[in-house]
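Q: this one's sequence-less:
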């Protein structure tokens, strides 16, 4: 049987950023009418490769072919002209424009006098969305749409521009499970119409649900190729990391103690003065992990900032071990035993140009045993670093190396090691494994469970539902700044949690 000419292919594609080789002589091909999953952890080189195939960056070496013809993609406009569309992880939409206006932007249709043909385009979009089951209102303003609906707009925009190759970059990162399943249905319909799809992800469950073929990247290189019938989640994890990985969180049943953190009718405003957390009440007990599930942007970030003293509540009360900490500073909370793993380690947790040893004492660098009478105690800082390097398996050239020399997983180990190195009463872990390979995730999960078993209360915030289901003892779901559901983790189901994440149930709905 003759192999069809690939719809899109590359040979020896290489991209360097200074000393970093982001893509190293990559060969990749996408066949007509297939869903080809490109799998790998953040930093593996997936997005870099696709950005070159979409004309967003130029390769340093190699060749790109569209239906067998060598092409040069200087800009995304060149790619669109060749029928290549891309839906980015962060949507490229103008919030105050309608769906129709967003689709027309850069490809305006006008009649005599330069008047935009909004109605004609809107009618075409209705037909197009009905054909593929995408269900969007062409007249709706984008800022009134859910995240899942906005993603449909991006897909329709690409199809409207005659895309026959569609690149989807981490499309489920901000979707509920039900929205992700709906997206997979759309992808299958597009495949049946002959559209070729590259689906970029790091979620193993999704790979097996939707792929025809799978290519795995690690460290900027292709390290393996397979199909769903030839592998499973464990096999894919091994390909991604290069060794066997346990995907199951091993933990005994929790034995919760007294309340450590209590929030009563807490309201929080964002930087615009808009109330993004509304009358929220919850409690976290010693020896348990409370998981907060929800699509990002539903008040979780602001809630964490209030709990860790980085933002003041507009109303309500917070107590820690019975003490009122509503107005407490981050330093006061640190002294009281609150450890914090921020959601963005580069912006809020690490000083990348400083040594690993110095980063491991941030927040306690000016007090014993690391300083005395205002003088730094270098031996104590070095000994602390040696101890934490061993305890948390931090892999780098040594404590004096800078944090920017570490992989993402090892940077996150530094953050967690520092957080857990003191006396911990409450651990607030916000997206603790974001951008981390599955091997490092395995260890980070073990450390969080160990903190729970040592008697700490753990508040876990994660956009990864698998992480919530695997780690949490009790789960609450946040939607538009409110707790809409609470359930013991043993009774939680993925569909019910997904429905709650979309606002589909009341407080006792799961």
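A: Cool, the structure landed. Computed from a predicted structure; not experimentally measured.
Q: Verify the stated contact: residue 101 with residue 94.
A: Yes - with contact defined as C-beta atoms under 8 Å, residue 101 counts as touching residue 94 (7.3 Å). In short, each C-beta sits where N, CA and C put it, glycine included.
Q: who's more crowded, these two?
A: residue 101 (20 against 12; other C-beta atoms under 10 Å).
Q: Next, the contact list for that one, please.
A: 94, 118 (C-beta atoms under 8 Å, 6 or more residues apart in numbering).
Q: With residue 382 instead?
A: Residue 382 touches 357, 399, counting by C-beta under 8 Å, 6+ apart.
Q: That one: which element?
A: Residue 382 belongs to helix 378-391 when assigned by DSSP states H and E.
Q: Buried ones in that helix, by neighbour count?
A: 381, 384-385, 388-389 (16 or more other C-beta atoms under 10 Å).
Q: ok, now stretch 357-370?
A: Within stretch 357-370, the residues scored as buried using 16+ other C-beta under 10 Å are 357-361, 364, 370.
Q: next one: stretch 483-503
A: For stretch 483-503, by 16+ other C-beta under 10 Å, it's 483-487, 489, 492, 496-503.
Q: try stretch 84-102
A: Buried-residue list, stretch 84-102, by 16+ other C-beta under 10 Å: 84-88, 91, 93, 98-102.
Q: Sitting in strands, which of the residues you listed do you find?
A: 84-87 (DSSP state E).
Q: Can you pick out the most distant pair from the buried residues of stretch 84-102?
A: Farthest apart among the buried residues of stretch 84-102 by C-beta to C-beta are 84 and 98. That separation is 25.4 Å.
Q: how close does residue 221 get to residue 455?
A: 44 Å (C-beta to C-beta, to the nearest Å).
Q: Now do the helices in the stretch 401-510 of the chain.
A: Ranges of helices within the stretch 401-510 of the chain are 408-420, 438-453, 465-471, 494-501, based on DSSP state H, counting those that start in this stretch.
Q: Determine which stretch of these is the most buried.
A: Of all these, helix 408-420 has the most neighbours on average by mean count of other C-beta atoms under 10 Å, namely a mean of 23.
Q: Show me how far stretch 96-103 is from its chain's centre.
A: 26 Å (C-alpha atoms, centre = their mean, to the nearest Å).
Q: repeat for stretch 5-25
A: On C-alpha atoms, centre = their mean, the centre of stretch 5-25 falls 24 Å from that of its chain.
Q: repeat for stretch 379-391
A: Distance, stretch centre to chain centre, for stretch 379-391: 31 Å (C-alpha atoms, centre = their mean).
Q: who's in contact with stretch 391-408?
A: Residues from elsewhere that reach stretch 391-408, judged by C-beta under 8 Å, 6+ apart: 41-43, 350-357, 359-360, 382, 385-386, 388-389, 410-411, 413-414, 416-417, 435-437, 440, 443, 447.
Q: what's the first-to-last distance across that stretch?
A: Terminal residues of stretch 391-408 lie 18 Å apart, using C-alpha to C-alpha, to the nearest Å.
Q: Can you give the distance of that stretch from its chain's centre?
A: The answer for stretch 391-408 is 23 Å, by C-alpha atoms, centre = their mean.
Q: any chance of the buried residues of helix 378-391 in TSV, with pLDDT and distance to residue 469 too?
A: Converted to TSV, the buried residues of helix 378-391 look like this (pLDDT from 0 to 100; distance: C-beta to C-beta, whole Å):
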residue	pLDDT	distance to residue 469
381	93	39
384	93	35
385	92	35
388	92	29
389	90	31
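Q: out of those residues, which one sits closest to residue 49?
A: Closest approach to residue 49 among the buried residues of helix 378-391 (C-beta to C-beta): residue 389, at 33.5 Å.
Q: Where does the nearest residue to that closest one once chain neighbours are set aside sit: helix, strand or coil?
A: Nearest residue to residue 389, sequence neighbours excluded (C-beta to C-beta, 6 or more residues apart in numbering): residue 399, at 6.3 Å. Per DSSP: H, G, I helix; E, B strand; the rest coil, the local secondary structure of residue 399 is coil.
Q: how many neighbours does residue 399 have?
A: Residues near residue 399, counting by other C-beta under 10 Å, number 20.
Q: do residue 395 as well
A: For residue 395, using other C-beta under 10 Å, the count is 12.
Q: Could you grab the helix/strand/coil label for it?
A: Residue 395 ends up coil, using three-state DSSP.
Q: where's the closest residue to residue 328 other than its chain neighbours relative to residue 338, distance?
A: Excluding its sequence neighbours, the residue lying closest to residue 328 (C-beta to C-beta, 6+ apart) is residue 309, at 5.3 Å. With distances taken as C-beta to C-beta, residue 309 is found 8 Å from residue 338.
Q: looking at it, residue 306 is touching residue 269, isn't it?
A: No - assessed by C-beta under 8 Å, residue 306 is found out of contact with residue 269, at 10.2 Å.
Q: So between the two, which is more surrounded?
A: Legend: neighbour count by other C-beta under 10 Å for residue 306 and residue 269, higher for residue 306 (23 against 16).
Q: how near is the more buried one to residue 481?
A: 12 Å.
Q: Farthest pair within the buried residues of stretch 483-503?
A: Maximum pairwise distance in the buried residues of stretch 483-503, criterion C-beta to C-beta, is 21.0 Å, between 489 and 503.
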